[in-house]
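>>> Coordinates for the following, if possible.
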Amino acid sequence: MDIKSESIDKPLKAMNDSDGSGVESGKRWKLSDFEIGRPLGKGKFGNVYLAREKRSKYIVALKVMFKSQLMKNNVQHQLRREIEIQAHLRHQNILRLYGYFYDETRVYLILEFAPRGELYKVLRKANHFDDKVSANYILQMIDALECCHSRKVIHRDIKPENILLGYSGELKIADFGWSVHAPSSRRATMCGTLDYLPPEMVMHKPYDSTVDLWCLGVLTYEFLVGKPPFENDDTKLTYSRIVEVKYTFPDHVSQLARDFVHRVTNHSLCIRLIVLLIAVCIRQLLQRKPSERMSLKDARNHQWITSFAQNKSKV
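Residues are numbered from 1 along each chain as shown. Sure, this is the predicted structure:
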């Protein structure tokens, strides 16, 4: 099927009613409701395709997963949790999950289509982002995480590979596979991506939503530098660097940005009173002690963000 570009440009309004379910009231989706287009990507359990819902003509991304692979890896419960969480999160910087359906062999997720693709590829092509681009992206991440945390959702796997770009270049958190709804209890499961793991996970300690603040600091660093701060070919050395919060900045990273990261990860570096704009921001997120990490509210008001990010969180 040839899905033309003018269809892709059409605004992606929700295929849903007002009940917040993410699907039409009483609607039971089936594969014949969609025209299937080109593949958008490959995953561990299946593939993602460009698709068009026949009745509304809306362009979506259809994620197709094989039940055999889900059962083989024992992730049925994880998928169910991902669906329940993502379907109820409504925010411009969170990829919409409109609904799901299944047949004898496969499970299908009906997702918002992000025309500009993966942020990871954009970052790799650019090598690293400047202050303005980074701060605008991080402000959008703050907005999205505030939405998650207000609903007691911990994402637990923030990284460039899990972020897509919408039609206007806005960020979309796209993968909630490791997310959890934790209204009161602290968590203990070690999960996520090695380079983004916070010290409390590495040390097998209970944790809460502040793990997302740590990841925000690592993400900020990767935007500005082009690679995560604790990356190493030796896994044990990576773990050690995370626990010790041992990282350095290239000369081009400003002091305000460094402080932003540092306040999320807790390292005992001194912060000068008179500094360049970037370095100060990162330090305030990379705080080893979760209680000392800069809050999302403080991150939003940090001088690095207010100096470089636009008010409406758009690049």
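>>> all contacts plus neighbour counts: C-alpha atoms, from now on.
Fine.
>>> what are the ranges of the helices in the stretch 151-300 of the chain?
With DSSP state H, counting those that start in this stretch as the criterion, the stretch 151-300 of the chain has helices at 199-202, 210-225, 235-244, 255-265, 296-301.
>>> Turn those into a markdown table, columns for mean pLDDT.
Below are the helices of the stretch 151-300 of the chain laid out as a markdown table (pLDDT from 0 to 100):
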| stretch | mean pLDDT |
| --- | --- |
| helix 199-202 | 89 |
| helix 210-225 | 94 |
| helix 235-244 | 92 |
| helix 255-265 | 76 |
| helix 296-301 | 93 |
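>>> Check these for me and report the most buried one.
helix 255-265 (a mean of 30; mean count of other C-alpha atoms under 10 Å).
>>> how about the helices of the stretch 151-300 of the chain, which one is nearest Leu31?
Nearest to Leu31 among the helices of the stretch 151-300 of the chain is helix 210-225 (35.6 Å), distances taken as C-alpha to C-alpha.
>>> how much does the closest one deviate in direction from helix 255-265?
Comparing the axes of helix 210-225 and helix 255-265 via axes from the mean of the first three to the mean of the last three C-alpha atoms, to 10 degrees yields an angle of 150 degrees.
>>> Show me how far helix 210-225 is from its chain's centre.
Centroid displacement of helix 210-225 relative to its chain, using C-alpha atoms, centre = their mean, to the nearest Å, is 11 Å.
>>> Tell me which of the helices of the stretch 151-300 of the chain approaches Ile163 most closely.
Here helix 210-225 is closest among the helices of the stretch 151-300 of the chain (C-alpha to C-alpha), at 10.9 Å.
>>> which stretches of the chain aren't confidently modelled?
1-26, 184-192, 264-281, 311-315 (pLDDT under 70).
>>> By residue count, what's the longest helix in it?
helix 131-150 (DSSP state H).
>>> Against which helices or strands is it packed?
Contacts defined by 3 or more C-alpha pairs under 8 Å, 6 or more residues apart in numbering; DSSP states H and E place helix 131-150 against strand 171-173, helix 210-225, helix 296-301, helix 303-308.
>>> go again using 7 Å as the cut-off
helix 210-225, helix 296-301, helix 303-308 (3 or more C-alpha pairs under 7 Å, 6 or more residues apart in numbering; DSSP states H and E).
>>> distance of the residue positioned nearest the centre of the chain from Leu119?
Central residue of the chain (C-alpha atoms, centre = their mean): Ile173, 3.8 Å from the mean position. From Ile173 across to Leu119, the span is 10 Å (C-alpha to C-alpha, to the nearest Å).
>>> Now list whatever residues contact both of the two.
By C-alpha atoms under 7 Å, 6 or more residues apart in numbering, Ile173 and Leu119 have these common neighbours: 163-164.
>>> of all the helices of the stretch 151-300 of the chain, which lies closest to Gly46?
The nearest among the helices of the stretch 151-300 of the chain, by C-alpha to C-alpha, is helix 210-225 at 26.7 Å.
>>> As PDB, could you dump the C-alpha coordinates of the closest one?
Provided in PDB are the C-alpha atoms of helix 210-225 (Å, rounded to 0.1, in the frame of the first residue of the first chain):
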ATOM      1  CA  THR A 210      14.000   9.900  41.500                       C
ATOM      2  CA  VAL A 211      15.500   7.200  39.200                       C
ATOM      3  CA  ASP A 212      14.000   9.100  36.400                       C
ATOM      4  CA  LEU A 213      15.800  12.300  37.500                       C
ATOM      5  CA  TRP A 214      19.100  10.500  37.300                       C
ATOM      6  CA  CYS A 215      18.300   9.300  33.800                       C
ATOM      7  CA  LEU A 216      17.400  12.900  32.900                       C
ATOM      8  CA  GLY A 217      20.900  13.900  34.000                       C
ATOM      9  CA  VAL A 218      22.500  11.100  31.900                       C
ATOM     10  CA  LEU A 219      20.300  12.100  29.000                       C
ATOM     11  CA  THR A 220      21.400  15.700  29.300                       C
ATOM     12  CA  TYR A 221      25.000  14.700  29.300                       C
ATOM     13  CA  GLU A 222      24.600  12.500  26.200                       C
ATOM     14  CA  PHE A 223      22.800  15.300  24.400                       C
ATOM     15  CA  LEU A 224      25.700  17.600  25.100                       C
ATOM     16  CA  VAL A 225      28.600  15.200  24.700                       C
END
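>>> Alright, that wraps it up for me.
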